[in-house]
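Peer 1: show me how the following folds:
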Amino acid sequence: MNQTTSAPPRNRRARVMTAIFALVILIPSMLGFIAKFIEFIAVFRGQGEGSFAVTPMVNYLLATTGFFCLFGWALLHGMFREIEAPKQRMLETEEWLDRQEAASDSV
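Peer 2: Alright, predicted model coming up:
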């Protein structure tokens, strides 16, 4: 089982649909985040009630920043390329181990 499988090439229509779908989701999400961030800054400066929530909000921002740093690191190191390769490698290793076990049992 030494077949190398590769993903079929993505056509232009699929890329355009993915970009449109991403924009439809990301733009409203980004606007909502910006609005909440502006509210956070107002609370942090003491212009609104709810200053008790500043510490949890800072924690959320730090955790989110850490997540995005790890996500960017994974992207830069190619961890999202060939996501099927580990599965194929595991199956090939399992098959090889089965052959080794069968050979040792027959000896």
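
Peer 1: so the most centrally placed residue in the chain, which of the three states?
Peer 2: When the chain is reduced to its mean C-alpha position, the closest residue under C-alpha atoms, centre = their mean turns out to be F71, at 6.0 Å. Using DSSP: H, G, I helix; E, B strand; the rest coil, the secondary structure recorded for F71 is helix.

Peer 1: where does pLDDT dip in this structure?
Peer 2: Within the chain, the segments meeting pLDDT under 70 span 1-10, 47-48, 50-51.

Peer 1: need the longest helix for it.
Peer 2: Of all segments of type helix in the chain, defined using DSSP state H, the longest is helix 12-44.

Peer 1: quick check: I20 vs A14, distance?
Peer 2: Note on I20: its distance to A14, by C-beta to C-beta, to the nearest Å, is 11 Å. To be clear about C-beta, it is placed using only N, CA and C from the backbone, and glycine gets the same treatment.

Peer 1: same thing with F40?
Peer 2: F40 sits 38 Å away from A14 when distances are taken as C-beta to C-beta.

Peer 1: those two: which is more packed in?
Peer 2: Just comparing F40 and A14: by other C-beta atoms under 10 Å the higher neighbour count belongs to F40, 18 against 11.

Peer 1: which residues sit against the helix or strand hosting G66?
Peer 2: Counting by DSSP states H and E, the secondary-structure element that holds G66 is helix 54-76. With C-beta atoms under 8 Å, 6 or more residues apart in numbering as the test, helix 54-76 has contacts from 40, 43-44, 80.

Peer 1: take the residues you listed and lay them out in TSV including distance to F67.
Peer 2: TSV is the format used below for those (distance: C-beta to C-beta, whole Å):
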residue	distance to F67
F40	18
V43	23
F44	21
F80	15
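
Peer 1: widest-spaced pair of those?
Peer 2: Using C-beta to C-beta, the two most remote members of the contacts of helix 54-76 are V43 and F80, lying 36.3 Å apart.
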